[in-house]
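This is a predicted model, with the sequence first.
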There are 2 protein chains.
Amino acid sequence: MQILITGGAGFLGQRLAKRLLDRGELNGKPITKLVLLDVARPADERLLADSRVQAETGDISDRAVLERHVDRNTEAIFHLAAIVSGQAEADFDLGMKINLDASRALLEVCRAAGHAPRVVFTSSVAVYGGTLPEVVQDDTALNPQSSYGTQKAIAELLLCDYTRRGFVDGRVLRLPTISVRPGKPNAAASSFASGIIREPLNGERSTCPVGGDTRVWLASPRSAVEALVAGCELDRAALGNRPVVNLPGLSVSVNEMVAALREVAGDEAVARIDWQRDERIGKIVESWPGAWNTARAEQLGLVGDKSFADVIRAYIEEEQRA
Amino acid sequence: MQILITGGAGFLGQRLAKRLLDRGELNGKPITKLVLLDVARPADERLLADSRVQAETGDISDRAVLERHVDRNTEAIFHLAAIVSGQAEADFDLGMKINLDASRALLEVCRAAGHAPRVVFTSSVAVYGGTLPEVVQDDTALNPQSSYGTQKAIAELLLCDYTRRGFVDGRVLRLPTISVRPGKPNAAASSFASGIIREPLNGERSTCPVGGDTRVWLASPRSAVEALVAGCELDRAALGNRPVVNLPGLSVSVNEMVAALREVAGDEAVARIDWQRDERIGKIVESWPGAWNTARAEQLGLVGDKSFADVIRAYIEEEQRA
């Protein structure tokens, strides 16, 4: 079984790669080769030392790059590469090129290969927006209020049609906002959702750009990676005519996130959060749903996190181990 | 006021052109030039004789063609050009090229012009599909089950984002299936919805490829054209953050269509319909909604047809006048 991960040097890509290598198999077959394609090589040396790993750099909007790494032996593809929300809003053309054109090129390369490989697309809360019910349902219309959300929604539609036509065996997994991400802040509008936990735990200050009442829909890196693997292993038939799954998450207000930080790390940590409204970020984040119905995900056997305090504790443990 | 109609030589394009020329104005401004862009010249000589009309042929997927006909003087664009459902299903690449790439190229050309022209996109019942409520609501998710529907849904998302960013002042008008179209059958899966009325009225036989219980959502050519004009004149503010309107229609079963034909033209006409299931067509048509909620359209002042028998009578009158 050969697997390709686009965005394979990213935080989620590397984490997924490690999980796959630990498991040793996917869809019941041993993993013999795992190609990590990204603009840079993965930082994790242990990953690079694994003989099954092949780290490749290249621009995924260049079809020739994709053609080099997708052939009839590629049985599963995790398409994680993306321009994040804040950057796609700031640079419209770059977002269109990577989030839309590269996704389409990947589907075209799979179609040309002719063996209908399994393709997992990660999508996002950002496909929703506008006037939303308190809990988004599986049949709630997409009305993205950002270019990132628009591009993700378009890539979803493409994947569904390529799947319906038998060009690929696709599945769209809509991820909640991932928190707590390790490392540095990034250009995602949701970057704060990790920053206001991670930086205070590291003894650093962090600015929260949205109000405490803002409700966010979160998943831990661990549960996101488990969902990607489980989503890839789902039976085609179980997905029916709609291969899109809203993954499990935790609906918490920013105040509740802060309360969980206090529970785990005390008042001292909480005091390191500065509250300063950022209109540009607030407008994007507040257009996203604070919760969605997870009945379908649960029916499909996908499970989420128990509590945000547990998510913080797991983050601390993992950082200490790293 | 200069106007561009893509697909301007098509049935709806020519009809819209005549309506605009008769009105003489749009958005309160006199129409000085009306460019009809299509792969062929319009057949209607009266249209071509109007000094305001400029008929242009060209491939709208060629950006240079669009650039020739969109500049800062182009104040309104009706984008009607499309590959119809049956053909887009049969020729995937052609559908992608015209329904997606050309729509995107048009938006890019408008963006480059820099004056945010008003752009009216026609969309379709085909953006819906899968498990649907009996009456589709404004917030019902799109789940197209055809490549045509997918391409239309993507073009909608693009138009909405280009509008949100201020590149264009766009409006998506989702049309019901148009019936009764004059002329010949075409490659649309919905072609029968005109054929089973038109051919019997002309003394010819027509085959109905779906069952009598199949519910369809119809609008007459006249009400569709009125809605396009009214949609273009809608206040931006009235559309809020979702410039998509499900246009008024009539929900009728095929049996009810036949009963209306009997009412207007008698048993003799009805006897000219042959019933022969076509799986390929049935699968597409049956994935479409039989009705959608029109409350928003009505609130915006858009009105539909009264009864299908009236639609047939209007068709007969118009054909006699032509």
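Here it is on my side, so go on. Numbering: from 1, shown residues only, chains lettered A, B, ... in the order given.

in the stretch 51-200 of chain A, which spans are strands?
Per DSSP state E, counting those that start in this stretch, the stretch 51-200 of chain A carries strands over the ranges A:53-57, A:74-79, A:118-124, A:169-175, A:177-178.

closest one to chain B among these?
Between chain B and the strands of the stretch 51-200 of chain A, the tightest spacing by CB to the nearest CB is seen for strand A:169-175, at 11.6 Å. Using the backbone N, CA and C atoms, a C-beta is placed for each residue, glycine as well.

And the helices in the stretch 51-200 of chain A, which stretches?
With DSSP state H, counting those that start in this stretch as the criterion, the stretch 51-200 of chain A has helices at A:63-69, A:85-90, A:92-95, A:103-113, A:147-164, A:192-201.

closest one to chain B among those helices?
Across the helices of the stretch 51-200 of chain A, chain B has its closest neighbour in helix A:147-164 (4.0 Å, CB to the nearest CB).

Between helix A:103-113 and the closest one, find me the angle.
On the basis of axes from the mean of the first three to the mean of the last three CA atoms, to 10 degrees, helix A:147-164 is oriented at 20 degrees to helix A:103-113.

ok, and for helix A:147-164, which residues are buried?
For helix A:147-164, burial by neighbour count (16 or more other CB atoms under 10 Å in any protein chain shown) applies to A:147-164.

Let me know the helix or strand that A:Glu263 is in.
helix A:254-270 (DSSP states H and E).

counting contacts, what elements does whichever helix or strand comes after that helix pack onto?
Beyond helix A:254-270 on the C-terminal side, the first helix or strand identified by DSSP H and E is strand A:273-275. Judged by 3 or more CB pairs under 8 Å, 6 or more residues apart in numbering or on different chains; DSSP states H and E, the packing partners of strand A:273-275 are strand A:206-208.

Need the mean per-residue confidence for the strand it packs on.
If you average the pLDDT over strand A:206-208, you get 97.

One more: stretch A:15-34?
On average, stretch A:15-34 scores 98.

Quote the end-to-end distance of that stretch.
Its start and end residues considered, stretch A:15-34 measures 13 Å (CA to CA, to the nearest Å).

between the helix holding A:Glu263 and helix A:192-201, how many degrees?
Using the same axes, to 10 degrees: helix A:254-270 against helix A:192-201 is 20 degrees.

coming back round to it: mind putting the helices of the stretch 51-200 of chain A in a markdown table, distance to A:Val127 and mean pLDDT included?
Formatted as a markdown table, the helices of the stretch 51-200 of chain A follow (distance: least, CB to CB, whole Å; pLDDT from 0 to 100):
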| stretch | distance to A:Val127 | mean pLDDT |
| --- | --- | --- |
| helix A:63-69 | 24 | 97 |
| helix A:85-90 | 11 | 94 |
| helix A:92-95 | 14 | 98 |
| helix A:103-113 | 13 | 98 |
| helix A:147-164 | 4 | 98 |
| helix A:192-201 | 17 | 97 |
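
for these, which one sits closest to B:Val225?
B:Val225 lies closest to helix A:147-164 among these, at 28.5 Å (CB to CB).

Got phi/psi on the closest residue in space to A:Ser253 that isn't next to it in sequence?
Take A:Ser253 and drop its neighbours on the chain: the residue closest to it by CB to CB, 6 or more residues apart in numbering or on different chains is A:Arg215, 5.1 Å away. Dihedral pair for A:Arg215: phi -100, psi 130, per degrees, to the nearest 10.

A:Arg215 contacts A:Gly290, doesn't it?
Yes - assessed by CB atoms under 8 Å, A:Arg215 is found in contact with A:Gly290 at 2.9 Å.

can you list the domain ranges for chain A.
According to automatic domain parsing, chain A comprises the domains A:2-176+A:219-246, A:192-217+A:250-292+A:305-321.
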